[in-house]
Every structure is written in C-alpha cells, then in structure tokens.
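[1] need the 3D shape of this:
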Amino acid sequence: MSSEPQLMAPGSGQEPPRPEAESGPAGPADPAGPAVSETLEDYTLRFAPRSYRRWTPMVVATTALGGIAYLADFSIGAGIGFTHGTGNALAAIALAAAVIFVTGFPLAYYGARYNIDLDLITRGSGFGYYGSVLTSVIFASFTFIFFALEGSIMAQGLKLGLGLPLWAGYLVSTVMVIPLVIYGMKALSKLQVWTTPIWLLLMAGPLIYLIVTDPGTVDRWLSYAGTGTGTGGGDGAVNTASVMLGAGVCLSLIAQIGEQIDYLRFMPPKTEANRRSWWAAVVMAGPGWVVLGALKQAMGVFLAVYVLSEVGPAAATEPIQQFRGAFDAMMPSWLVVPLAVILVVISQIKINVTNAYSGSLAWTNSVTRVTKHYPGRMVFVLVNLAFALILMEADMFSFLNSILGFYSNCAIAWVVTVATDIMVNKYLLKLSPLVPEFRRGMLYAVNPVGVVAFTAASGLSIAMYFHVLGDALQPYSAVAAALIAFVLTPLMAVVTKGRYYLRRTDDGLDEPLLDADGNPSAVPYECHVCRQEFERPDVAACRAHDAVICSLCLSTDKTGAHLLPADPVSVTVS
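    Below you'll find the predicted structure:
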C-alpha cells in the first residue's frame, strides 16, 4: 500500500510544465522523461520536496487515518475468535498491536522527518539500492492480497443487497476502481473527507447501541470459547500457542505502516514552533493507526459472536452479515440491508483505490530500478488488479487466515529488519548512516545486513509455519520471524563493519543535505538531463558534466555514465 495523500496543494489545479529531454550520455532522449511528468505531483519514486508540503501536521494526520477504513479487521478478528475463543483472540490482538506500534514508530519518524517513503527508507537501512526490490515485491503483494480481501467483502454485500453472484461481485469491485485510480489520488480527497463521518457512524453506532441496550452481549462475547478444532479451539482457555497463532494472523497487517508513511512523507518541516503538533501527528497517523485497527478486530469478534446463532460460523466472519445483524436490532427492517451494503461499499472504495494505486507504485518502483526503464504506472494498476481478481475468484476468503498467517512471516521479517537497523544499527551501534540515503550511485547495489537478515528470518519462519521444523514450533513462526530479524540485523552490521551501506560518502555538492533545524534542505537545483527543478536531497553531482542530476534520471540511466565513481577505499560509516 505506497500512496499519495489525498490532499490538494494550495493554489494547485494545473500540472507543472513538462520538461524537455536533452540528448546526452543517458541516450538520445531522457528515458526518465515520462516518469518525471507522471510523478511531479505524487513523488512516487522520489523524495517529497518542501515546496509541495504545504499542509499542517494535523491535516496530514487526519488524511492518513482516513485511509484505514477497511473492514478486513472485522473478518480477521472474527476468524481468530471462532478458532481460539475470545480470550485468546483479545490477547493475540493486543500482542500484535504492541509489536506493530513499536516497529512502526522508527519507520514513521524517518518517513516524516526525511520525507521519503518506506521503500526509500529500506534502501538505506540495510538493503541497498537493488536489495530493497525484494521488499517492494512484498509490499506490492500486501496491496493485492488486501484488495482481494476487501473486494470479497464488497461482493458479499452486493450478493446480499442486490442478489449479484459472487463471481460478478468480484469483477465489479475490481473494475470500478480503475477510473478512480487513472485520475489520481487527489481526485478522491473530497470522497475521503465526506465519507469518513458516515463510515464512523455506521461502524460504531450499532456496537454502542447493542452494549447499551443489551449488556448481556458483552458477557456472551467475553465468555465465548470458540468453535475451532485447532490448538486451543473450543475450550476457552488462554494458552500461548493459540495467542501466537492468532497474533501471526494479525501481524500480517504490519506492512500497513508503509501506507501510513506515504502520507507522513508529506509532513511539514519539524521546527521548535510546531514540535508538539508534529510529534502528535507522527505518532497518531504512524504507529497509532494500529489502535483503531485493534479495536476493529475486537469489534469483529463481538459482532460475530452476536450473529453466530442466526447465520452460523461460516457467514458470521463476513462483515456484511455482522452489520446486518447489528442494524436489525436497532432500526426498521427495510433499512437494515441498504445501510449494511452502503457501509461495505464505502469502506471498499475508500481503501481499495488506495490499494490499487499503492500496488502500482510498488511494482513501478521495482521495475524501474531493475530495467532502468519507466513503463508507466497504469500497466501495473492492471497487473495488481489482475492478481487481486484471481485471488477473489479462487475464493481466498474461505482460507483467509492461512494466507495471512503465511504472508505475515515475510512482512514481519522486512519491517523488523528495517526498524532494528534504525533503532540499533544507526543510533546504538552507529554502523549505519544516521541520515537515510536512497540515490543510485550513493548506495551499494546490495547490502548483506538487511538482505541476509530478511532472507533468513522469512525463510526459517515460513518453514516453521508449514510444519517443516515440527508441529510444536509451528505456532511460533511469527515470533521466530521477528526474533531472527532482530538478532541478525545488528549481527550482520558488526560482521560487515558497516562497509556496505554507502558506496560513496560524498555526492559532489557542497550544500549540506540538512538545514539548521535538521530538516532536508529546500535549496533548489536544476537537473541538467530533464531540466526540472529539484531540492537538495534529490540531486547529486553528475560524473559526465559539471552539473547536477536528479535521482529519477539516475534511476533510468542505462549506461551509468552519470553515476559518480565509488570511493577509492571502503569506508566504515559512523
């Protein structure tokens, strides 16, 4: 999920002029030209400049929190509750939320402080310029898996409200987002603002009504023992294995911090005057998203238990059935289904346009780096939607927890590796450069610190998840992914002595990267290839000319003629 915040820059309304490409070492025409034109407004592959970041911290935070309107949490919570019981489910949800908050905090800070997305943070936090392609694919997978999940929920609503077959509902939920994504995320700013109050009212209203009018629902919820046949299922006892299995499913959402950072990268510079509001916004819209997420998961267990006797365990995990049952208790029957369908459709539109857009950015970012060619974002919008539609038509909803449990191992390994590099390697061991670097030529292609830690953590935890290392260890695969990544990341930094973080320690320009307040410098430079103006952190000196070149043109330089040479000796960064 990497996405453009749904905000309209003051005074904007027209695209900036499209630069003319020059002939030069990169080829007869600038290969970054289309990418420059398409990314001038969303900064999909680059640093977000200060000249574009004109919103207050609270505006950015409010917009970011509007993007977590998905209903998947209700299904996830219900699935865990039915399998392991309410006690185990609540413990699993709380444990996962704590891990997501702790690991998300340093990532959110770096995104907001240095105005870069999670992929750019990952490059300079142990993975290297090409090494982070691995994690971009993980992130792209996150977007189409959760697109498919939300699309499935919408199809269930359309079946209930309109009688539309599920296969047709899957197709409708996929196709309807294409025009919205084509016209960009800014066009949806009003949609997010106006639909969020409606969404909150429809989501929270029924729960409050049920608790106030029938307090016994709370007792039935808390005492629910579960109906599953797996570890801990059906006996109601809280046990470690059940909590760990449930937490593994919840931790599949750990990659959501990537989408939050895509909003936070548009935070204004941190100053003494805005320090309190800046930090409040970073915490609230960064790791703080998981507080609402955990509450929705707990609500999912509550509503599923409430409707269980009426619809049965299979249908009770469907949000459309949960809210239909809740609405039925508080309003006339003719309003029940329409309101439930409206809630599902609003939620699906709010999140799945973001999923489609974010996935296309992740794919585009990876392919541009590997091929040094910008194929156009819309190609990957369709690719991502195709993956999601295949999952939906294959009825992924029926084996949801298995998919999320498997996926969470990869997501945990990635996020914990990057968070550990920031917290331990940068601030404690001082082996990783404190200021993040993302430009081609400044980074090594692959840094073994992050790549080895991520590969080992994800590989071993996946083996545990599929019982390769025995049944007894299977519930602890998510814990293994986190612990292995946490241990190996600093260990690899010590073993390599931090040699593989920076290919160069000097980008050839005298102007400092940061201003007096520690914010990225806003000093402008003109790229001699694309003739577009960029701010200081987004440019470097050109090897072939007495001029500067932007990071995007460096990414699409197939000959390497513009890249500065590596430092003559390996340097340990401190």
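
[2] and the pLDDT for the residue nearest to residue 526 when sequence neighbours are not counted?
    Closest residue to residue 526 apart from its sequence neighbours, by CB to CB, 6 or more residues apart in numbering: residue 533 at 5.3 Å. Where you see a C-beta, it was placed from the backbone N, CA and C, and this is true even at glycine. pLDDT, residue 533: 90.

[3] before we move on, what about residue 120?
    For residue 120, the predicted pLDDT is 92.

[4] over to residue 26?
    So, for residue 26, pLDDT stands at 40.

[5] repeat for residue 67
    Value listed for residue 67 in the pLDDT field: 68.

[6] where does pLDDT dip in this structure?
    Counting by pLDDT under 70, the ranges of the chain that qualify are 1-45, 67, 181-193, 228-236, 376-377, 400-401, 569-574.

[7] and residue 273, what does it touch?
    For residue 273, no contacting residues are found, by CB atoms under 8 Å, 6 or more residues apart in numbering.

[8] regarding it, what is its secondary structure?
    coil (DSSP: H, G, I helix; E, B strand; the rest coil).

[9] ok, it to residue 517 distance?
    Distance, residue 273 to residue 517, by CB to CB, to the nearest Å: 10 Å.

[10] gap between the two ends of stretch 549-564?
    Terminal residues of stretch 549-564 are spaced 11 Å apart (CA to CA, to the nearest Å).

[11] just how off-centre is that stretch within its chain?
    28 Å (CA atoms, centre = their mean, to the nearest Å).

[12] residues of stretch 520-540 that come out buried?
    Buried residues in stretch 520-540, counted by 16 or more other CB atoms under 10 Å: 520, 525, 527-540.

[13] how about stretch 293-311?
    Quick answer for stretch 293-311 (16+ other CB under 10 Å): 293-308, 311.

[14] buried set for stretch 426-438?
    In stretch 426-438, counting by 16+ other CB under 10 Å, buried: 426, 431-433, 436-438.

[15] separation between residue 83 and residue 410?
    22 Å.

[16] how about residue 216?
    For residue 216 relative to residue 410 (CB to CB), the value is 42 Å.

[17] could you look up the SS state of residue 549?
    Classification of residue 549 using three-state DSSP returns strand.

[18] wait, doesn't residue 268 sit right on residue 53?
    Yes. Using CB atoms under 8 Å, residue 268 is in contact with residue 53, at 5.5 Å.

[19] so residue 128 touches residue 446, yeah?
    Yes. Under the criterion of CB under 8 Å, residue 128 makes contact with residue 446 at 4.4 Å.

[20] which neighbours do the two have in common?
    residue 500.

[21] more neighbours: the two, which one.
    More neighbours surround residue 128 than the other of residue 128 and residue 446, with 23 against 18 (other CB atoms under 10 Å).

[22] what sits against the more buried one?
    443-447, 450-451, 500 are the contacts of residue 128 under CB under 8 Å, 6+ apart.

[23] for the residue nearest to residue 526, give its distance to residue 471.
    Remark: distance between residue 533 and residue 471 (CB to CB) = 60 Å.

[24] and the buried residues of stretch 293-311, which of them are in helices?
    Secondary structure from DSSP state H places 293-308, 311 of the buried residues of stretch 293-311 in helices.

[25] and the gap between residue 286 and residue 270?
    Taken as CB to CB, the span from residue 286 to residue 270 is 14 Å.

[26] ok, the two, which is more surrounded?
    residue 286 (27 against 19).

[27] quick one, phi psi at that one?
    Main-chain dihedrals, residue 286, degrees, to the nearest 10: phi -90, psi -110.

[28] once you drop chain neighbours, what's closest to it?
    residue 108 (2.6 Å).

[29] also residue 308?
    residue 316 (4.9 Å).

[30] got it, and residue 244?
    residue 475 (4.5 Å).

[31] likewise for residue 393?
    residue 170 (5.8 Å).

[32] so which helix or strand takes in that neighbour?
    Taking DSSP states H and E as the definition, residue 170 sits inside helix 166-175.

[33] and for residue 75?
    If you go by DSSP H and E, residue 75 is part of helix 72-84.

[34] and that helix, what does it pack onto?
    For helix 72-84, the elements it packs on are helix 86-114, helix 133-162, helix 240-250, helix 289-311, helix 313-316, helix 319-328, helix 400-420, judged by 3 or more CB pairs under 8 Å, 6 or more residues apart in numbering; DSSP states H and E.

[35] with respect to residue 74, which of those helices lies nearest?
    Minimum separation from residue 74 across these (CB to CB) falls at helix 289-311, 3.5 Å.

[36] by contact count, what packs against that closest one?
    helix 57-65, helix 72-84, helix 86-114, helix 189-213, helix 216-222, helix 256-264, helix 313-316, helix 319-328.

[37] with mean neighbour count and distance to residue 406 as extra columns, can I get the ones you listed in JSON lines?
    Shown next, in JSON lines, are the helices and strands packed on helix 289-311 (neighbours: other CB atoms under 10 Å; distance: least, CB to CB, whole Å):
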{"stretch": "helix 57-65", "mean neighbour count": "21", "distance to residue 406": "28"}
{"stretch": "helix 72-84", "mean neighbour count": "28", "distance to residue 406": "14"}
{"stretch": "helix 86-114", "mean neighbour count": "23", "distance to residue 406": "16"}
{"stretch": "helix 189-213", "mean neighbour count": "15", "distance to residue 406": "29"}
{"stretch": "helix 216-222", "mean neighbour count": "14", "distance to residue 406": "29"}
{"stretch": "helix 256-264", "mean neighbour count": "28", "distance to residue 406": "17"}
{"stretch": "helix 313-316", "mean neighbour count": "17", "distance to residue 406": "21"}
{"stretch": "helix 319-328", "mean neighbour count": "25", "distance to residue 406": "22"}
